[in-house]
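A.B. asks: turn this into a structure:
(2 chains)
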Amino acid sequence: MAKNFIDLEELLERTENDRELMRDLLTIFKEEFPQRHQALREAVKSVNATQVVMEAHALKGMLSNLAAVEAATAVGELERLGRKNETSKFLESLSRFEAIAKELSRQVEACMAEVSG
Amino acid sequence: MRILIADDELMSRRLLEKTMQRAGYEVTAVANGQLAAAELCKPEGPRLALLDWIMPELDGPGVCREVRKRKDQSYVYMILLTSKEKKEDVVAGLESGADDYLTKPFDPEELKARLRTGKRILDLEDRLIEAREEMRFQATHDALTSLWNRGVIMDLLGRELTRARRENKCTAILLGDLDHFKNVNDTYGHLAGDEVLKETARRLVSSVRSYDFVGRFGGEEFLVTLNNCDPAFGLARAEKIRQIIAERPVETTAGSVPISMSFGLLLSQEWGYQSVVELLHEVDTALYAAKAAGRNCVRLAAPKAQTEGARELATEPVWRRR
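C.D. replies: Numbers count the residues shown, from 1 in each chain, chains lettered A, B, ... in the order given. Here you go, the predicted model:
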């Protein structure tokens, strides 16, 4: 059984059990995440530490709001590396984040179906 | 209560917006720091703000600094939302003028509790302003009649005379004294006397224009300035005021009290450059002449070169009633 990357209990608490709001947040995430993710990839590819910090910080905020703590921590690591200009560790850190992000995206879909149903 | 939310991240903004609306706040949400500062600096802008630390164009601390530059407007209580937890970051945020900070992701209950703290501070500010305004009113107004007090009416007169001279306009100074007021107090009692003074003040205020000044000059003496008026208007208005004061008795708790008032009138244009004190002395002399002429009438103060003292107004026999 796959690990849960969204803490639903936490998300419900944060939205004060407002399922409509949860659906809104998941919808926004679905729309915004791919663009942000792509921007982060490009920043890593171009070894632009400033851009990595900016994109990783934005993603960390989104993921924290979604109670996706593990993904937020992973992307937070990229932000930290960017701030320290440790560019050589970018790729390794990005792949760790992407592995989580892939499963997270699937779980967001499932979550959407559950909340909408 | 209105609250501003500033966050460039859409999910965060939506979450905050909904949480605040549910808590009963009227929310204005913006996506960058410049818009936040513009909203908060409006004269009737929100007085509570939740500001993301990192935002495009102007960051949260930058917004705080902009807002704190304003000196005369109401206080704005600002909370910075941040994922920064290092002590130096927190210090920098608070140094920029923020009142509080909250680490993201926020807990709704904690956020609401912190906003209640902010609201308590804003309520306290409102009460202090109210108390200050009350004190300012007490310091400038007569406690019984709520008219300008002696110091203020003299100050206003001085400013008005300066303006009138500069613009070559006329100010009419009217000094009125209730006739036989001592008898009112002796016959009806001091409480009734107070009621007479209050009603006299009300009649005076209702008989002048919104930009004229009325003050209590002494016990039963009142000073009225008719600003920016030509001499003919000043003369006519002085007589009209006298009529309004005397036209019906004052109904007091001790009974119906007939009243009248004697007036000294001075038209500033006729007097050139004289001090407020000198002009008041002249108008007082005219008032004394009105009393000597039988009361309930108006006497115009005339410069020495023109006449020997106070002139009767042309219609004086019609005006004098008692």
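
A.B. asks: write out the residues of chain B neighbouring chain A.
C.D. replies: Selection of chain B residues close to chain A by Cβ under 8 Å from any Cβ of the partner chain yields B:9-12, B:14-15, B:18-19, B:22, B:54, B:83, B:104-105, B:107-108. Just so you know, the C-beta spots here come from the backbone N, C-alpha and C atoms, and that holds for glycine as well.

A.B. asks: try it again with 7 Å
C.D. replies: B:9-12, B:14-15, B:18-19, B:22, B:54, B:83, B:104-105, B:108 (Cβ under 7 Å from any Cβ of the partner chain).

A.B. asks: helix/strand/coil for residue B:74?
C.D. replies: When classified by DSSP: H, G, I helix; E, B strand; the rest coil, residue B:74 comes out as coil.

A.B. asks: and the nearest residue to it once chain neighbours are set aside, how many neighbours does it have?
C.D. replies: Closest residue to residue B:74 apart from its sequence neighbours, by Cβ to Cβ, 6 or more residues apart in numbering or on different chains: residue B:47 at 5.7 Å. With neighbours defined by other Cβ atoms under 10 Å in any protein chain shown, the count for residue B:47 comes to 22.

A.B. asks: before we move on, back to that, put together TSV for the residues of chain B next to chain A, with distance to residue A:70 and pLDDT on each row.
C.D. replies: Listed next are the residues of chain B next to chain A as TSV, based on distance: Cβ to Cβ, whole Å; pLDDT from 0 to 100:
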residue	distance to residue A:70	pLDDT
B:9	19	90
B:10	22	92
B:11	17	92
B:12	19	92
B:14	23	94
B:15	20	93
B:18	25	94
B:19	24	94
B:22	28	93
B:54	22	86
B:83	16	75
B:104	17	84
B:105	14	83
B:108	22	91
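
A.B. asks: between these, which has the most around it?
C.D. replies: residue B:15 (27 neighbours).

A.B. asks: show me the contacts for that one.
C.D. replies: Residue B:15 makes contact with A:25, A:65, according to Cβ atoms under 7 Å, 6 or more residues apart in numbering or on different chains.

A.B. asks: that one in helix, strand or coil?
C.D. replies: Assignment for residue B:15 (three-state DSSP): helix.

A.B. asks: where's the spatially most central residue of chain B, which helix or strand?
C.D. replies: With distances taken as Cα atoms, centre = their mean, chain B has residue B:137 as the residue nearest its mean C-alpha position (7.5 Å). When elements are defined using DSSP states H and E, residue B:137 is found to belong to helix B:108-140.

A.B. asks: related to what we said a few turns ago, list the contacts for the residue nearest to residue B:74?
C.D. replies: Counted by Cβ under 7 Å, 6+ apart, residue B:47 has contacts B:74-77, B:122.

A.B. asks: now for these: which two are most distant?
C.D. replies: Pairwise distances across the contacts of residue B:47 (Cβ to Cβ) peak at 10.0 Å, for the pair B:74 and B:77.

A.B. asks: who has more neighbours, those two?
C.D. replies: More neighbours surround residue B:77 than the other of residue B:74 and residue B:77, with 21 against 13 (other Cβ under 10 Å).

A.B. asks: what about stretch B:3-13, start to end distance?
C.D. replies: One end of stretch B:3-13 to the other measures 13 Å (Cα to Cα, to the nearest Å).
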